[in-house]
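**Student:** Pasting the sequence and the predicted coordinates here, then a few questions.
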Amino acid sequence: MKPPPVANVNHRPGCQISSGVQHSRVWNDDVTLAAKVLPLSDTAAPSAAQARQRNARLVLATIFVLLGIYTLKSFLPALAWAAIFAVALWPAYQWAQRWVKPGKHNILLPFLLTLGVALIFAIPLALLGVELAREAHGLSDWAKAAQDNGIPVPQSVQNLPWGGGKLADWWQQTLSHPHPAAGLLGHADTHALLGDSREIGAGVAHRLTLFGFMLLTLFVLFREGHTLTAQLRTASRRALGDQGERIGTQIIASIHGTVTGLVLVGLAEGAVLGVAYAIAGVPHPALLGSASAVAAILPFGATVAALVAALLLAATGSVVAGAVLFAFGAALAFATDHFIRPVLIGGATKLPFLWVLLGILGGLEMWGLLGLFLGPAIMAALILIWRDWVKPV
């Protein structure tokens, strides 16, 4: 028996299919079959290439960052100081923006704040230079007279309450005669002093250059602060997620607290000590008060300043007044270092007093004056990372 003939569907009434549709079905079937039989490595090739490109970009960026740091290594302290001043003065800059017409603050306010920072340093240094130049001639005359006639025993040495007599006798036997005094002052070589003065001049010129670069960087940070803040926030989120922004906020709060706790409290402490010096009768109370304000920025610096002032007062014969002055200065320094500063510095970042003290002292030893601000900021970031790490899941 023959099989029944197969009906041609193309000629069935009502069911005709064009040749174009038929070719479309065949092409779709071929694509589906090709997708099924293609090896998995070929479909994963684009993602592997993207990973290699991403790693190459990361390596290239790391190389250029290291090269940039090496190129700017002499200017890194200036950049760090500019960043610290910008963070510390940013609230004042935002407040001043409310009082300036739109479109003017992008140049005027950055210039005024940068000028203010420059004057804070320039005015005291200029006054100090004028005073040194004024005293240079008198110092030269004193050295010449000391070589010819010796150095007489100061009255303050004779008035010392402890050991004043022995020290006055030693002074009388050695420095009061022309020959020992000339031998002591004659060690200064003119050529050596000239060479030292040249080195000092070169160092001063270098630091003035860094100071100018710091001011220029500070101006740019004020002007582009909003844009830079947004970029840093985006970069921290991409690199570290939400924790990156929290670490940045912690560092900024630590710098604000350090500026308030060290600088402002130190200046206030120096003002109080200056008034105490004037009441007690210490010589040059304004000058010693200014020096005490600078020393009070450092931990335990006010105690040392009060001790020096008390010794000067005791050298004039006011032993009791000197002891009372030292007790007052020590008590003031104890109160500020153990109660006020921990609250201002550690309260903003919830940093314990021990870590605040370690950050200040360790930063000062490692980074110099810059470490006064970098040390607490680093400790604040470390404590935040530690607390997130040990937080119960």
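**Tutor:** Noted; the coordinates are in hand. Numbering: from 1, shown residues only.

**Student:** Tell me which residues touch L215, please.
**Tutor:** Neighbour list for L215: 82, 114, 117-118 [criterion: C-beta atoms under 8 Å, 6 or more residues apart in numbering]. Quick note: C-beta positions are derived from backbone N, CA and C, even for glycine.

**Student:** An error on my part: the question was meant for F211.
**Tutor:** F211 sits next to 78, 121 when contact means C-beta under 8 Å, 6+ apart.

**Student:** how about the strands of the stretch 51-200 of the chain, start to end?
**Tutor:** All residues of the stretch 51-200 of the chain lie outside strands when identified by DSSP state E, counting those that start in this stretch.

**Student:** ranges for the helices of it?
**Tutor:** With DSSP state H, counting those that start in this stretch as the criterion, the stretch 51-200 of the chain has helices at 76-97, 108-149, 155-158, 164-174, 178-185, 190-223.

**Student:** Worst mean pLDDT among the ones you listed?
**Tutor:** Note on those: lowest mean pLDDT is at helix 178-185, with a mean of 55.

**Student:** Which positions in the strand or helix carrying G270 come out as buried?
**Tutor:** Using DSSP states H and E, G270 falls within helix 265-280. Neighbour counts over helix 265-280 (16 or more other C-beta atoms under 10 Å) mark 265-266, 269-270, 272-274, 276-277, 280 as buried.

**Student:** Stretch 238-258 now?
**Tutor:** So, applying 16+ other C-beta under 10 Å, buried residues of stretch 238-258: 244-248, 250-258.

**Student:** which outside residues touch it?
**Tutor:** Under the contact criterion C-beta under 8 Å, 6+ apart, stretch 238-258 has outside partners 84, 87-88, 91, 232-233, 235-237, 344-349, 351, 360, 372-373, 376-377, 379-381, 384-385, 388.

**Student:** of those, buried ones?
**Tutor:** 84, 87-88, 236, 344-346, 348-349, 351, 360, 372-373, 376-377, 379-381, 384.

**Student:** circling back: so how far is the helix holding G270 from its chain's centroid?
**Tutor:** Helix 265-280 sits 26 Å away from the centroid of its parent chain (C-alpha atoms, centre = their mean, to the nearest Å).

**Student:** May I have it exported as CSV, CA atoms only?
**Tutor:** Only the C-alpha atoms of helix 265-280 are listed here, as CSV (Å, rounded to 0.1, in the frame of the first residue of the first chain):
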residue,chain,number,x,y,z
VAL,A,265,41.7,76.9,74.1
GLY,A,266,45.4,77.6,74.0
LEU,A,267,44.9,81.2,72.9
ALA,A,268,42.4,81.7,75.7
GLU,A,269,44.7,80.0,78.2
GLY,A,270,47.5,82.3,77.1
ALA,A,271,45.3,85.4,77.6
VAL,A,272,44.4,84.3,81.1
LEU,A,273,48.1,83.7,81.9
GLY,A,274,49.0,87.1,80.5
VAL,A,275,46.5,88.8,82.8
ALA,A,276,48.0,86.8,85.7
TYR,A,277,51.5,87.8,84.7
ALA,A,278,50.5,91.5,84.7
ILE,A,279,48.9,91.2,88.2
ALA,A,280,51.8,89.3,89.6
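
**Student:** which outside residues touch it?
**Tutor:** With contact meaning C-beta under 8 Å, 6+ apart, helix 265-280 is reached by 285-286, 288-298, 301-302, 305-306, 309, 313, 318, 321-322, 324-325, 328-329, 332-333, 336, 340-341, 344.

**Student:** next SSE after that helix?
**Tutor:** Sequence-wise, the next helix or strand downstream of helix 265-280 (DSSP H and E) is helix 285-296.
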